[in-house]
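[1] Using only what follows, build the 3D model:
(chains A and B)
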Amino acid sequence: MTAPRDKFGRPVVVVTGMGIVTSLGAGKTDNWKRLTAGESGIKTVTRFPIDGLKTTMAGAVDFVTVEPFSSTGLSERLAVMATEEALEQSGVGRKGDFPGPMFLAVAPVETEWPQRLLVSRTIAKKNFDTMDVVAAGGGGRFADYHRRFMFGSVAGNLADTFGTKGSPISLSTACASGATAIQLGVEAIRRGEADATLCIATDGSVNPEAMVRFSLLSALSTQNDPPQAASKPFSKNRDGFVMAEGAGALVLESYDAAMARGARILGVVAGCGELTDSFHRTRSSPDGKPAIGCVRKTLADAGMEPDQIDHINAHGTSTPENDKMEYLATAAVFGDHTPNIPVSSNKSMVGHTISAAGAVEAIFSLLTLEHQRIPPTINYEVPDPAIPFDVVGNKARDARVTAVMSNSFGFGGQNASLILTHEPV
Amino acid sequence: MIEPKEVWITGIGLLSSLGEGLDAHWEALGARRINVDEKRFAPCVIHPLAPVSFDAQIPKKGDQRQMEAWQRIGTYAAGLALDSAGVKGNPEVLSRMDMIVAAGGGERDLNVDVAIMNADAQGNSQPGFLNEKLMNELRPTLFLAQLSNLLAGNIAIVHGVCGTSRTFMGEEASSIDAARIAVARIEAGQSDIALVGAAHNGDRADLLMLYEYADFNLKDRYAPLWARGDKPGFALGSVGAFLVMEAREHAEARGAKPYAKLTKVVADRAQRNQAGALTKSLRAMWPKLGISADDGVVITGATGAEPATTEERAFLSEHPGLAVRATGTTFGHTVEAQFPLGLALAALSISRGALYPANDPTGFEVEKAEAPTQIVVLGAGHWQGEGMALVEAVS
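    Residues are numbered from 1 along each chain as shown, chains lettered A, B, ... in the order given. Reported below is the predicted structural model:
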């Protein structure tokens, strides 16, 4: 490692700390052990009644509790856990004094049902209307709900806890949110605005209304039994994604700043790219053009050729359309090199952590580089002949991996990709 | 470091409680017109959207049906901004245009919500009751009208803006940061042209519920922002405000005319649990803008919520030469849209060579006869986050 700047003259952006929580566990060690062992974190939901739901399983993080429970509160707790781990590994700054800005990918926030019902239960009259509910919420008894259910609440609390600098940014680019948080952090370092950025992505959205909403869009797998077999990316019998919770946090630094303080460099964010699809609100353009453009922009941003990528950490949601589109887009860019690239989807085991997925999967990609071992895509029993990827099916594979592309192709036409390498390119 | 590029505002799109387009707004501001409704959600006061036919910017009825009002307002205003920048329907520019939208969430189906709450109050809470009601009664596509990033998604679908798309969240601060990041990217050469803005629909009881938890809603009677005295609070407003921001070279190369340039955007998040923290934070930001004289103009999105508004006023009072305009008086509080609204009015005023008249019975806002060359846009969130921008005449 000698080049403090990349081939475009920009500061090289390195990763010096990572933290992760998923349905498989808390921390990198547990997650990596279980991920490479091919274990699933998907279970039948026990957090709330599942009567009347079409989909009854999820990758909920049940070993973390918050009181009083809310999805937003859980998102915040998961983010704190992941960030504490990342900061401890990085050693940057001091406790409660992170020397740079924060970019947080977080699920959209609104008042949730338990809280909404606590308010309406205070109304004495029968057949109350909307304005009765407005009035019942006033007077300060429920002032905590205002704080909790502002969109900026999670980022504000995290900024207070970790002492990040400036205005913390909360963002949503749907399933690409985690990748976008990393991209914003990379851009700030490349502009020379910051030597270090804290990029966090979190999602604690397994609640009845969120499951119903995705269910009504026919986006979720309904193969509930057994729950561990529901998420089967690239399989012919795949039928939708599985909602999941988790968080990932990364400390990014300029190569110079990291070297100057003698930090251990875990990997390099060599390139990022995004391109919007204007085809449809939930479906990706079937010709894959926007995803193709996204992957090409990412390669160009890294200054790399397709044949330099030796592993793809796929978006691989396990929905019928998205997996197929991802293959077509990949094949269009990588051409003859496509069959040489081992591809895997972490979502087969941890489910789709939605807002967190881009960061969670970037961390798994970096662990892949560190361990030179590719986690499997489990439940790969009936390969889809229309998707002739070299899928790392069911068992982890040892391989020489120098550059990983991590893809996020999501709802609302949001496409983002990252290239992560072991050394500066 | 390379010399930062100059950022021009080359397009403005405005749709609000006053109407649509720049001429209508200029005329209404000049006439001190205000569109306010004290009855619809009494005792809460709101500023409803002026009547508009969405067909002009969202021609497909199918697209309109897939959106709720906040998205229609935003998609419409985004179209106006693209028109005004002369890039509407220009795929070469739109396909590489960056977009940063500041957004909250979308409208809920309150009929479903209130029916569930009533059933619950009558003891109807067997396991699965909530699931069944939601599964059976929610419109499947409503989710798409609620997701924060789907305002940007709709702008991509309807107008073809599809370089990059980022949605920032977090109430008022989200749009200050949207402008800040867009400017930083253009200055550094990471972006040539960007669409930045937000939309807010004030005709929403679900938002009244949220803000009532902390007693922020303005009640009973409308009052101008600086005249709310012992009855503080905000009236939710309806605004779609979008700007096209562009590197000067890029604008010149395609022959685009600027309304103004956007020189600086700064943002911070004061520790508001300490009294006076907001005043101090604004005081610390002011010198970072590079203002040439202390008798300029400030367009503020002051919310009317306390203690933020009093703390902001304390800061403004330290600069008695300023001509202040509070958008809250005319438009109400439009949360994410408040800062882009301020930027739009600042750029409009500079391009018209005049500041619109004061609208303040307390006399805090004063008239300004000279053509403004520098206007500071100020945004202080009702509970967290604050920032400023400097909008200047292009020299």
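[2] What does the residue nearest to B:Ser292 when sequence neighbours are not counted show for phi and psi?
    Of all residues not flanking B:Ser292 in the chain, B:Gln374 sits nearest, at 6.5 Å (C-beta to C-beta, 6 or more residues apart in numbering or on different chains). (Glycine included, C-beta is placed from N, CA and C.) When read as degrees, to the nearest 10, the backbone of B:Gln374 gives phi -140, psi 130.
[3] surely B:Gln374 meets B:Met388?
    No: using C-beta atoms under 8 Å, B:Gln374 makes no contact with B:Met388, being 11.9 Å away.
[4] name the element residue 104 belongs to?
    Reading this off chain A. strand A:102-106 (DSSP states H and E).
[5] Oops, wrong one, chain B.
    Here B:Gly104 is assigned to no helix or strand, by DSSP H and E.
[6] I'd like to check which residues are in contact with it.
    A:108, A:151, B:70, B:148, B:169, B:171, B:200, B:335-336 (C-beta atoms under 8 Å, 6 or more residues apart in numbering or on different chains).
[7] quick one on the thing from earlier: settle it for me: which of B:Gln374 and B:Met388 has more neighbours?
    Between B:Gln374 and B:Met388, B:Met388 has the larger neighbour count (other C-beta atoms under 10 Å in any protein chain shown), namely 25 against 19.
[8] And the average pLDDT for the helix or strand where the more buried one lies is what?
    Assessed by DSSP H and E, B:Met388 sits inside strand B:386-392. Averaging pLDDT along strand B:386-392 gives 98.
[9] same check, this time on stretch B:117-136
    Averaging pLDDT along stretch B:117-136 yields 91.
[10] Equivalent analysis for stretch B:337-356, please.
    98.
[11] Relative to B:Gly153, how far out is B:Pro195?
    In this structure residue B:195 is Leu, not Pro. Remark: distance between B:Leu195 and B:Gly153 (C-beta to C-beta, to the nearest Å) = 13 Å.
[12] what's the weakest-modelled helix or strand in chain B?
    Among the helices and strands of chain B, helix B:142-146 carries the lowest confidence by mean pLDDT, DSSP states H and E, at a mean of 93.
[13] if we can go back for a sec, make a ChimeraX selection of the buried ones in the contacts of B:Gly104.
    Buried residues among those (16 or more other C-beta atoms under 10 Å in any protein chain shown), as a ChimeraX selection:
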select /A:108,151 /B:70,148,169,171,200,335,336
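[14] Return the member of the contacts of B:Gly104 nearest to B:Ile181.
    Nearest to B:Ile181, judged by C-beta to C-beta, of the contacts of B:Gly104 is B:Met169 at 13.4 Å.
[15] is that closest one in a bridge, and if so with what?
    For B:Met169, the beta-bridge partners under DSSP bridges are A:Ser170.
[16] Wait, it touches A:Ser170, no?
    Yes: counting by C-beta under 8 Å, B:Met169 touches A:Ser170, with 4.5 Å between them.
[17] tell me how far stretch B:373-388 is from the chain's mean position?
    11 Å (C-alpha atoms, centre = their mean, to the nearest Å).
[18] now the end-to-end length of that stretch.
    16 Å (C-alpha to C-alpha, to the nearest Å).
[19] Any idea how far the helix or strand that contains A:Ala155 is from the middle of the chain?
    Taking DSSP H and E as the definition, A:Ala155 sits inside helix A:153-162. Using C-alpha atoms, centre = their mean, the distance from the centre of helix A:153-162 to the centre of the chain it belongs to is 19 Å.
[20] is that helix anywhere near chain B?
    Yes: using C-beta under 8 Å from any C-beta of the partner chain, helix A:153-162 reaches chain B at A:155-156, A:159-160.
[21] the inter-axis angle of that helix versus strand A:102-106?
    140 degrees (axes from the mean of the first three to the mean of the last three C-alpha atoms, to 10 degrees).
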